[in-house]
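1. Sharing a model prediction with you, sequence too.
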Amino acid sequence: MYLKKTNSKFVWLIDLDDTLFFSGGKVMSTINSRMTSFIQSELSIGFEEANILRVEYWKRYGTTARGMQERHGVSFQPFLSFSHHLPCFEHYIKFKPYVGRILGSLIGKKYVVTNSPKNYAVEVLKKNGLQKYFDEICALEGMWINSQLRCKPARLLWQRILDKTGAKKNHHILVDDTLANLRTAKNMGFKTVWMREYFNKGPVHTKQISNRPRYVDFMVSTIKDLVRVSGKIY
C-alpha cells in the first residue's frame, strides 16, 4: 500500500463496484463465472461445487481470492488475472455522467479502496475519465499485512490506512455498499456512509438489512447525496 501522509483534514475512502457504478449485471456475472471456472480447474471439482466455494470464501474472507490463498495455497495473482480479464469491458461499465462532478466537489484526499485487482480498478476509472479525481487506488495487491492478505473488512486494513495517511480517525470517511466493511471501519472510529443506490439490484444487496444500523452514520441513495453528507461532516 502506497498511501502517503496527508496534510488534508479529511480523507475519503470510496469503494468502486456497486458504489461508484453498478457492477451486478454483466460485469459481475462474467467475473463470478470466470472465478468459478478457475476454481473448478484448480481443484479438479465440478462447476456447481466450485461455485459454492466461491460464494463461501467471499463471505468468510472478504474476497474469494483470499479464501483460495488461505485454504488451498493458490497464488492470488493468476486467479485475479484470469477472473478479471474482461475484453471490451468499457462497453458495459457505465458511470452516471455526474459522478466526476460530485467527486471533484468533495474536500480532502480521495482514495479508491477496493478488493478488486489494481489493473481492473485503474482501467475502469481511466476509461470513464475518473482516475484524475483520486489521489491513490488502494487495491487488493496492496492489502498484504504481515505476509497475510487483509482486505476489506479486516480491521488491520483500516489501521494500516490510518497509519499511512496520518489523519485523525474521525476524519476518514468510508463510502461503501457493503455493511460488513462499514461495521469494522466504524469500530476503528471512521465516519461511515452506506451507499444504497444499487441496494435492490442483485442478490448480494437484497440480503442486507434495509434499516440504518448503528454503525452507519449516513445512508445515501445516490452519489449526489455525498454533497449533502459532506456539508454535515466538514
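-> The structure has been received and is ready for your questions. Small disclaimer: the values here were computed from a predicted structure and weren't measured.
2. drop to CA atoms for contacts and neighbour counts, all remaining ones
-> OK.
3. Kindly report which residue of this structure is located farthest from the centre.
-> S44 (29.7 Å; CA atoms, centre = their mean).
4. how about the strands in the chain?
-> 11-14, 109-113, 136-138, 144-145, 148-149, 172-176, 191-195, 218-220 (DSSP state E).
5. Would you mind giving the ones you listed as CSV with mean pLDDT, mean neighbour count and distance to R54 added?
-> Shown next, in CSV, are those (pLDDT from 0 to 100; neighbours: other CA atoms under 10 Å; distance: least, CA to CA, whole Å):
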stretch, mean pLDDT, mean neighbour count, distance to R54
strand 11-14, 98, 24, 25
strand 109-113, 97, 22, 22
strand 136-138, 97, 22, 23
strand 144-145, 92, 14, 21
strand 148-149, 88, 16, 17
strand 172-176, 98, 25, 22
strand 191-195, 98, 24, 24
strand 218-220, 97, 18, 29
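6. quick one: L140 and C151 touch, right?
-> Yes. Contact criterion CA atoms under 8 Å: L140 and C151 qualify, at 6.5 Å.
7. possible to save the strands of the chain as JSON lines with distance to F76?
-> JSON lines is the format used below for the strands of the chain (distance: least, CA to CA, whole Å):
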{"stretch": "strand 11-14", "distance to F76": "23"}
{"stretch": "strand 109-113", "distance to F76": "18"}
{"stretch": "strand 136-138", "distance to F76": "16"}
{"stretch": "strand 144-145", "distance to F76": "11"}
{"stretch": "strand 148-149", "distance to F76": "10"}
{"stretch": "strand 172-176", "distance to F76": "23"}
{"stretch": "strand 191-195", "distance to F76": "28"}
{"stretch": "strand 218-220", "distance to F76": "33"}
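8. May I see the buried residues of the longest helix seen in the chain?
-> Counting residues, the longest helix found in the chain (DSSP state H) is helix 26-43. For helix 26-43, burial by neighbour count (16 or more other CA atoms under 10 Å) applies to V27, M28, T30, I31, N32, R34, M35, T36, S37, F38, I39, Q40.
9. And the residue lying closest to F22 once chain neighbours are set aside, how far from D163?
-> Nearest non-adjacent residue to F22, counting by CA to CA, 6 or more residues apart in numbering: Y198, 6.5 Å away. Y198 is 32 Å from D163, where distance means CA to CA, to the nearest Å.
10. can you pull the contacts of the spatially most central residue of the chain?
-> Residue closest to the mean C-alpha point of the chain, counted by CA atoms, centre = their mean, is T114 at 3.1 Å. Counting by CA atoms under 8 Å, 6 or more residues apart in numbering, T114 makes contact with D15, L16, D17, A121, I137, C138, A139, L140, K152.
11. Tell me the spatial nearest neighbour of it, not counting adjacent residues.
-> Closest to T114 by CA to CA, 6+ apart is A139, at 5.0 Å.
12. That neighbour against S116, yeah?
-> Yes. With contacts counted by CA under 8 Å, A139 reaches S116, the gap being 5.9 Å.
13. Span of stretch 163-170 from start to end?
-> Using CA to CA, one end of stretch 163-170 lies 13 Å from the other.
14. Give the bridge partners for the closest residue to V216 other than its chain neighbours, please.
-> Closest residue in space to V216, ignoring its immediate chain neighbours: T192 at 5.3 Å, by CA to CA, 6+ apart. Beta-bridge partners recorded for T192 (DSSP bridges): L174.
15. I'd guessed T192 sits against Y215; true?
-> Yes. Look at T192 against Y215 with CA under 8 Å: they come within range, at 7.3 Å.
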